[in-house]
Each structure stands twice: as C-alpha cells, then as structure tokens.
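> Sequence and predicted structure below; questions after.
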Amino acid sequence: MTSVNKNLTSDFKRVLASAATGLALAVAAAPVLGQAPQASGASAAEAATYADLATLSERSELVIRAQIRRQSRVKDERSPGLAPGFARLYIEADTLALIAGSRSVGESLAYLVDVPLDAKGKVPKLKKREVLLFANVVPGRPGSIQLAAKAAQFDYAPELEARLRPILRELVAADRPPTITGIADALAVQGTLTGESETQVFLASDSGAPVSLSVIRRPGQRPAWGVSWGEIIDSSARPPAPQTLRWYRLACALPAQLPSSANLARDPAARRLAAQDYAFVMEQLGPCSRRITEPA
C-alpha cells in the first residue's frame, strides 16, 4: 500500500472514531451516498434512463471510471440513514480514466457507498470490479470523493459510457440550453378563421435567457408546436429531438398543467385554449422517466 493510501485509510479511521461527536457527518450523510445498482455490464447500461444520466451528470463535478482495490464495511451504528438490507462500505479504488470533470483527480480514490446485501445477507465482494462514478470532491480531503446521489455508482460497461458521452458533450457546449425554472406567462389568441389560433408560453430560466413554446393551429391541419431558445420567437421553431438535453430541459422541468396564474387571457375560451395547447405540448414531450434519481 502506498503512503497516500495509508493516509487515506488513517483519515477514514479518524472519521469513524469521531462519529459520536458528529464530526465528518457531511461525508457520511445518507443523501449523497450511492445505493448502487448491482447489475452486470450490459444490464447496468440499461438501468438508467436518459433523465437519470442527465441528472447525475449535472450534479457531478467528476465522472470517473475506476477499479475497486479494497472495501471495508462501516458498522451499521456508525452509518446514519442506512436503509434496511444495505451495508455501507468504505471503498479505495484506482482511477482508470476521468471521463468528465471540472476538477482534477488523483490516481487513488476513497469514498463511501451503500450497497444491497445479497440473498444470504452478505456484503457483495467488489474488489477488482470496474465502476463508473458520478462524484464531487470533498473539500480539505485530497483523494476523497463524495458520490453525487443515492445511485451514483454503476458497474462499468462500454454501452453505458457510450450513452453518457453525448450528454456530457451537450452540458459543456457553448449553446447548451438553460435550466427551466418555471412558467412566466402564457397567452392564446384566436385567429380570424374558425379553428385558427396561436398560443405562446414564456418560460423562466436560471440564466434569465428567454425560452418560449409556441403552438399554432390552422383549420384542417394538425397542431404544430416548437421551442424558441432565444429572444426571437420563431414561427418555424420545431420540437426538441427526444433524448436530448433540450428535451430533458422541458420534459423534466415543466409542470404537468399550465398554472392558472400564468394564463394572461381574460376570456374563458382563450384561457381554455392556452391550457389545452400546453397539455398538447406536454403530451408530445412525453414523460420524464426516472428509475434511480429524484428531481432536484
């Protein structure tokens, strides 16, 4: 064992020794520990939905491919928030690759993870297993990382990395879409012809950048809708492609129904039309399916 690894192990022992006085609970707190899906390679790639991977990627400073070198079980009485049927492990691992990261990472890693016990109530043996980790650095503890969510450790599989890389590229792109924080205003306007109308829904974003939805109805035609990501409301705007960051920004952030307070129309028919068109957009977007993450 290298001197760095010895130091990490000694640090962890001191954390456990001080647990009674409440020291270092930020590192051991349940909300940031990974309750890892224990699927094998190919099935691990299928366990997470697009929304799961996008959520984990956004919450993480680091996405790491690593190989577990050593595991030590933390006593249950020193594992606050541990779910029944799980064990909390202290993991020491070797970094194989930094897939994405805004922070540097060393050759050796240490972190805590919650894993399910097997059918016999035993702790699974993870030594030499390759894993993919979504994590953040632990301030003041070089070499230590903190998993970014309850399920932030996966068995590594090339299929999983292949699904993840397009998300990571979109998140660092110069034209990445802002995070949608709500609905600012909505207004539906009837046209001169029967069945003709246009609805605009203006969205709020974390950056203040304008984003708007438009739904256009023409007699004898299917409703057409799209998204404008900028100041100009483009009548030729198109819907976002499914399983992209733009789709995720809308499908996973917008409320299920149009808030009554956001509807600027006074006429009851126009208000109903705005609500109807918003429901149409949500139907077209489809559900934000999650299996392992929770909304922010």
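Yep, it's here. For clarity, every value in this text was computed on a predicted model and none was experimentally measured.
> CA only for contacts and neighbour counts going forward, please
Fine.
> Low-confidence ranges, the stretch 151-296 of the chain, go.
Residue ranges of the stretch 151-296 of the chain with pLDDT under 70: 234-235.
> what do you get if the cut-off is 90, keeping everything else the same?
For the stretch 151-296 of the chain, the stretches with pLDDT under 90 are 151, 191-192, 194-195, 230-237, 292, 294-296.
> all strands of it, in order?
For the stretch 151-296 of the chain, the strands defined by DSSP state E, counting those that start in this stretch occupy 153-155, 180-190, 197-205, 211-217, 224-228.
> List the buried residues of the second one.
What it means is strand 180-190. Across strand 180-190, burial judged by 16 or more other CA atoms under 10 Å covers Ile180, Thr181, Gly182, Ile183, Ala184, Asp185, Ala186, Leu187, Ala188, Val189.
> Just list the residues touching the last one, thanks.
Think Val189. Val189 is in contact with Ser197, Glu198, Thr199, Ala270, counting by CA atoms under 8 Å, 6 or more residues apart in numbering.
> Ok, the third one next?
If a contact means CA under 8 Å, 6+ apart, then Gly182 has Leu203, Ala204, Ser205, Ala253, Leu254, Pro255 as its contacts.
> ditto for the fourth one
Under the criterion of CA under 8 Å, 6+ apart, the contact partners of Ile183 comprise Val201, Phe202, Leu203, Ala204, Leu254, Pro259, Ala262.
> about what we covered before: let me know the closest of the contacts of Val189 to Ala66.
Thr199 (49.5 Å; CA to CA).
> ok, and the closest non-adjacent residue to that closest one?
Closest residue to Thr199 apart from its sequence neighbours, by CA to CA, 6 or more residues apart in numbering: Ala188 at 4.1 Å.
> right, and that neighbour touches Leu273 too?
Yes: with contact defined as CA atoms under 8 Å, Ala188 and Leu273 form a contacting pair (6.3 Å).
> where do the contact lists of the two overlap?
Thr199.
> So Glu107 is in contact with Leu98, correct?
No: assessed by CA under 8 Å, Glu107 is found out of contact with Leu98, at 10.1 Å.
> When those two are compared, which one has more neighbours?
Comparing Glu107 with Leu98 by other CA atoms under 10 Å, the one with more neighbours is Leu98, at 17 against 12.
> so which strand or helix has the nearest residue to that one once chain neighbours are set aside?
Counting by CA to CA, 6+ apart, Leu98 lies nearest to Ile64, which is 4.7 Å off, once chain neighbours are set aside. Using DSSP states H and E, Ile64 sits within strand 62-74.
> Please name the strands paired to that strand in the sheet, noting orientation.
Note on strand 62-74: by DSSP bridges, its sheet partners are strand 86-101 (antiparallel), strand 130-137 (antiparallel).
> what is the mean pLDDT for that strand?
Averaged over strand 62-74, pLDDT sits at 97.
> Tell me where the stretch 101-250 of the chain has helices.
Ranges of helices within the stretch 101-250 of the chain are 158-172, 245-251, based on DSSP state H, counting those that start in this stretch.
> Can you give me the buried ones in the helix of greatest length in the chain?
Assignment by DSSP state H gives helix 268-285 as the longest helix of the chain. Of the residues in helix 268-285, Ala270, Arg271, Leu273, Ala274, Ala275, Asp277, Tyr278, Val281, Met282, Leu285 count as buried by neighbour count, 16+ other CA under 10 Å.
> Check stretch 164-184 too.
For stretch 164-184, by 16+ other CA under 10 Å, it's 164, 167-168, 170-171, 177-184.
> what's the span of it, first residue to last?
Start and end residues of stretch 164-184 are separated by 32 Å (CA to CA, to the nearest Å).
> Any chance of the helices of the stretch 101-250 of the chain in TSV with distance to Ala135 as columns?
Conversion of the helices of the stretch 101-250 of the chain to TSV gives the following (distance: least, CA to CA, whole Å):
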stretch	distance to Ala135
helix 158-172	14
helix 245-251	20
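> between those, which gets nearest to Tyr90?
The nearest among the helices of the stretch 101-250 of the chain, by CA to CA, is helix 158-172 at 24.3 Å.
> If I take the closest one and strand 86-101, what angle do their directions form?
Counting by axes from the mean of the first three to the mean of the last three CA atoms, to 10 degrees, helix 158-172 lies at 60 degrees to strand 86-101.
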